[in-house]
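In: Structural data only, the sequence is not supplied:
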């Protein structure tokens, strides 16, 4: 039959049906990470990595970033990237290159020296009735993987913004006592080494405290810089002649900090202007004191200042990411990929709040992307937001066994393979190629050809975005409802985690059938978690949903103040049908409701500690899941990385389907019970009411419909195709399985490293 004698291919893309809302209409490929060190900048230094991964990996896209002291605006760097991209294309791979402005910080500062990021350090000193009080403020020196072996986000200059004096009581600043004493202070030093201020004291200063607000300029562009977006667009245009598959912006936001304090707040002149526009008559410098320090008296003004400050930050971060996305499309074409992940410290907690305000859900992508130990409930929600049939999570560990590709598949996603780390530098090009991990990935990728929709999550936990980002709100700060989502995932009732800000954005909406919906996902139940500081429109949304009566509504936490910090009877404004529980009770009530509605659980989960400070619920590596389009997936890799035997009969749309396969077995039936798509590893038998495939030998196989016609794919099989397959269709494509590479000698021990040294 036609197609049987095709040359075996390394990878293919097939057109997926029902992708009208997605810029990418085809199946998604295997993705690996490539980090450029000194070797790649040597003449033809890029060839070794490409040659190895062409042979031993299934990767078709390489998310590529630089770990060397160069800038992407350098013409020599451009030429080397162009040569590598051309070589990669010739060997069946395409590069998605990191062209973020943080890899051109010197060029940006040379062109826009007044648009660098600042951090305000607020430091207190006790005043006396006479003499002089003095205060020294240390410079800032931060770093991450963008500064690896390069200059960090260190202080380049400093200035004193303002000095205040006040009476400090047991409950904080006495607000009526605040005085601006900047004019009588002596600035003894304000430069890259820090700030020193001397404050002459008078009798009236006895018992008072002074606070110096010092702005330290860092070696990185201001997020609010007016020329930032245009500068990044120009970088991309510089690479318009390079055959890239797209570009990366990785872990965007302010320089990340592990040691957090509200006495260190990001700031700039342009941020001040943005703040004044949203709060006419307010001065951000004065409000930084309010934002940073607790005050005796009404809590509303401080809450409002923090709400506006944080909302301004996450919106701007999302704007920068989205404009970068648009620029990628404009330069490289509508099918170009915007990569990688907006997540930095990959848990929706305090570190991420101070970096980007939890902007993950507004950072435009075609494909949902996260990294490391990002909770699955975030991954699945982002897939709904971007209409992405899959999510990808960039992952690394020291051990190959930790790359839980089977759990990823059962949670609706795939791995973007980062090299094992921490490991010796000279092993980063090869340490993923040992064993069968990437051969197993090729088997899992059979699912990509039939996955047209994201995983089904019947529950949404909608966390109050203002409450989670407001440290003046007490216990609500950095609490996004993980207690609820974890309890649901534990029992196999998958839930999406969504910020309440998506309501105002019109993305979380009432669907055509009256249910609350996010992207293509309608919900059986929605939990509103900690609505403190919300705007009235949130209450209006849930009142409308309650009138439809299609989604069960629940609430955790009281609502006593609005976004401006004013007293607000939010509990009474929410619909009476919205039931109130504590976090644990809420999860139990939701599960009981889903069971009563006949919603079946998916793969149960276990809590796994992926990083020292974060533990997440992870699907077991053997089980089943369902996609929104009705596809049912069985997967198992508990005992063998290449997959365990699957010999099961299951019900799909009320009809029996039997499989004898290895690793993965998936099927989608139409409304009449006829097969629409199948994918299976080492398939021997598939039996349904309308189709039986009984193969003489096992083979990796996928069958899907492309433009209404059957298309078949076989992987790692070289013989003649059996008649049972050729009678289905003459359109078959052969894919090769990556070769097995002999394990290298054990690497020498590497020192452990904080996140940021590599990724």
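Out: Right, received. Where do you want to start? It should be emphasised that the depicted structure is a prediction, and the values quoted were computed from it without experimental measurement.

In: Just the strands from the stretch 551-700 of the chain, written as ranges.
Out: 552-556, 579-580, 605-611, 614-619, 622-626, 632-636, 645-652, 655-662, 664-669, 675-687, 692-706 (DSSP state E, counting those that start in this stretch).

In: Repeat that for the stretch 1-150 of the chain.
Out: 30-36, 59-66, 94-98, 116-126, 132-137, 141-142.

In: So which of those strands is nearest residue 388?
Out: strand 30-36 (13.0 Å; C-beta to C-beta). Quick note: C-beta positions are derived from backbone N, CA and C, even for glycine.

In: Could you dump the strands of the stretch 1-150 of the chain into a markdown table and include distance to residue 188?
Out: Formatted as a markdown table, the strands of the stretch 1-150 of the chain follow (distance: least, C-beta to C-beta, whole Å):
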| stretch | distance to residue 188 |
| --- | --- |
| strand 30-36 | 44 |
| strand 59-66 | 40 |
| strand 94-98 | 42 |
| strand 116-126 | 14 |
| strand 132-137 | 8 |
| strand 141-142 | 21 |
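
In: Nearest to residue 411, out of those strands?
Out: Across the strands of the stretch 1-150 of the chain, closest to residue 411 is strand 30-36 (C-beta to C-beta), at 16.6 Å.

In: Now the longest helix along the chain: average pLDDT?
Out: Longest among the helix segments of the chain by residue count, using DSSP state H, is helix 300-332. For helix 300-332, the mean per-residue pLDDT is 98.

In: got the angle between it and strand 94-98?
Out: Here helix 300-332 runs at an angle of 140 degrees relative to strand 94-98 (axes from the mean of the first three to the mean of the last three C-alpha atoms, to 10 degrees).

In: Helix 300-332: which residues count as buried?
Out: 301-325, 327-329, 331-332 (16 or more other C-beta atoms under 10 Å).

In: For it, which helices and strands make contact with it?
Out: Using 3 or more C-beta pairs under 8 Å, 6 or more residues apart in numbering; DSSP states H and E, the elements in contact with helix 300-332 are helix 228-238, strand 246-248, helix 269-278, helix 284-292, strand 337-339, helix 350-356, helix 465-468.

In: Which of the ones you listed sits closest to residue 513?
Out: Judging the helices and strands packed on helix 300-332 by C-beta to C-beta, what sits closest to residue 513 is helix 465-468, at 26.4 Å.

In: Mind listing what's buried along stretch 26-38?
Out: Buried residues in stretch 26-38 (16+ other C-beta under 10 Å): 26, 27, 28, 29, 30, 31, 32, 33, 34, 35, 36, 37.

In: what's near enough to touch the fifth one?
Out: With contacts defined as C-beta atoms under 8 Å, 6 or more residues apart in numbering, the neighbours of residue 30 are 11, 57, 58, 59, 60, 61, 414, 417, 441, 442, 445.

In: Please spell out which residues along stretch 719-735 are buried.
Out: 721, 725, 726, 728, 729, 732, 733, 734, 735.

In: Between the two ends of it, what distance do you get?
Out: Here the two ends of stretch 719-735 are set 13 Å apart, with distance taken as C-alpha to C-alpha, to the nearest Å.

In: what does it rub up against?
Out: 1-4, 6-12, 442, 693-697, 700-701, 703, 709-718.

In: and those residues, which are buried?
Out: Counted by 16+ other C-beta under 10 Å, these give 1, 10-11, 442, 693, 695, 700-701, 703, 711-717 as buried.

In: Need the max-distance pair from those.
Out: Every pair of the buried ones among the contacts of stretch 719-735 checked by C-beta to C-beta; the farthest is 10 and 693, at 25.4 Å.

In: picking that back up, okay if I get the strands of the stretch 1-150 of the chain as TSV plus distance to residue 163 and mean pLDDT?
Out: Listed next are the strands of the stretch 1-150 of the chain as TSV, based on distance: least, C-beta to C-beta, whole Å; pLDDT from 0 to 100:
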stretch	distance to residue 163	mean pLDDT
strand 30-36	45	97
strand 59-66	42	97
strand 94-98	41	98
strand 116-126	10	98
strand 132-137	9	97
strand 141-142	24	96
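
In: Of all these, which one comes closest to residue 368?
Out: strand 30-36 (12.6 Å).

In: what's the neighbour count on the spatially closest residue to residue 107 that is not a sequence neighbour?
Out: Excluding the flanking residues, the one nearest residue 107 by C-beta to C-beta, 6 or more residues apart in numbering is residue 73, at 4.3 Å. Residue 73 is flanked by 20 other residues according to other C-beta atoms under 10 Å.

In: Just confirm residue 317 contacts residue 364, I think it does.
Out: No. With contact defined as C-beta atoms under 8 Å, residue 317 does not reach residue 364; the gap is 11.5 Å.

In: For residue 127, grab the count of nearby residues.
Out: 23.

In: What's the separation between it and residue 138?
Out: In this view, residue 127 and residue 138 are 21 Å apart by C-beta to C-beta, to the nearest Å.

In: Also residue 488?
Out: Counting by C-beta to C-beta - residue 488 and residue 138 are separated by 45 Å.

In: out of the two, which sits in the busier spot?
Out: Taking other C-beta under 10 Å, residue 488 and residue 138 do not tie; residue 488 has more neighbours (28 against 13).

In: tell me the angle of the helix or strand that one falls within relative to strand 614-619?
Out: Using DSSP states H and E, residue 488 sits in helix 482-490. Using the same axes, to 10 degrees, the direction of helix 482-490 lies 30 degrees away from that of strand 614-619.

In: by contact count, what packs against helix 482-490?
Out: Under the contact rule (3+ C-beta pairs under 8 Å, 6+ apart), helix 482-490 is packed against helix 376-385, strand 459-463, strand 495-499, helix 583-596, strand 605-611, strand 614-619.

In: Let me have the contacts of residue 30 in a markdown table, extended by distance to residue 265.
Out: Output for the contacts of residue 30, formatted as a markdown table (distance: C-beta to C-beta, whole Å):
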| residue | distance to residue 265 |
| --- | --- |
| 11 | 47 |
| 57 | 44 |
| 58 | 45 |
| 59 | 41 |
| 60 | 43 |
| 61 | 38 |
| 414 | 38 |
| 417 | 37 |
| 441 | 43 |
| 442 | 48 |
| 445 | 45 |
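
In: Pick out the lowest-pLDDT one from these.
Out: For the contacts of residue 30, the pLDDT minimum is residue 11, 92.

In: How many residues are close by the nearest residue to residue 86 once chain neighbours are set aside?
Out: Closest residue to residue 86 apart from its sequence neighbours, by C-beta to C-beta, 6+ apart: residue 243 at 6.1 Å. Residue 243: 14 surrounding residues under other C-beta under 10 Å.
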